[in-house]
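Engineer: Sequence first, then the predicted structure:
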Amino acid sequence: MISSAFKVKVNGQEEISLQEDQIGDMNNIKITDGTYHILQEKKSYFAKISQKDFNNRSYEIRIGSNTYHVNIETELDELIQSMGYRLGSEQATDTIKAPMPGIILDVRIKQGDSVKKGDTLLILEAMKMENAILSPKDGVVKQILSKTGETVDKNKLLIELE
């Protein structure tokens, strides 16, 4: 299970690790949409979120005359990146490769099947977790290059689509 931990990178350099309960303990009050009053170590600050890219968890925050570029990453983001994927990236590939080494638990399609983007093609067990490998696009299964019970290495070609 993924815990609720966050890595916060400020100006691309300083990295801070926070647990979800620490965030709840922060003393801040929302004044308006995007403007906050923060009390930290008996000092008062006004912070304004001047730019935000929610999908990429990227923010520009002004505190006084200073501007900070803040990126937030969760443990799930790290896991997705370690599998060779990017959050929010659009895939339009005809090949599905193993994102990590593991064992094929279940192949849910057969050659010639029509699939829609997001359909589960197979289940890969890796690091004691079951991972559904989804279709990156609408298409037809051209070839299946793996079978149930097979051990696969990272980047092994599993399925080809048309």
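Structural biologist: In hand now; what should we look at?

Engineer: Is Gln51 in contact with Tyr68, as I believe?
Structural biologist: No: counting by Cβ atoms under 8 Å, Gln51 does not reach Tyr68; the two are 11.1 Å apart. Quick note: C-beta positions are derived from backbone N, CA and C, even for glycine.

Engineer: Return every residue with contacts to both of those two.
Structural biologist: When contacts are counted by Cβ atoms under 8 Å, 6 or more residues apart in numbering, Gln51 and Tyr68 are jointly contacted by Glu60.

Engineer: Quick check, Ser50 in contact with Arg62.
Structural biologist: Yes: the pair formed by Ser50 and Arg62 meets the contact definition of Cβ under 8 Å, at 5.2 Å.

Engineer: Of the two, give the one with the bigger neighbour count.
Structural biologist: Shown here are Ser50 and Arg62; by other Cβ atoms under 10 Å, Arg62 has more neighbours (15 against 12).

Engineer: Run through the bridge partners of the more buried one.
Structural biologist: As for beta bridges, Arg62 partners with Lys48, Thr67 under DSSP bridges.

Engineer: Following the helix or strand of the chain with the lowest mean pLDDT in sequence, what is the next regular element?
Structural biologist: Lowest by mean pLDDT, DSSP states H and E among the helices and strands of the chain is helix 20-25, with a mean of 66. Under the assignment DSSP states H and E, the closest C-terminal helix or strand after helix 20-25 is strand 27-32.

Engineer: With that, I have no additional questions.
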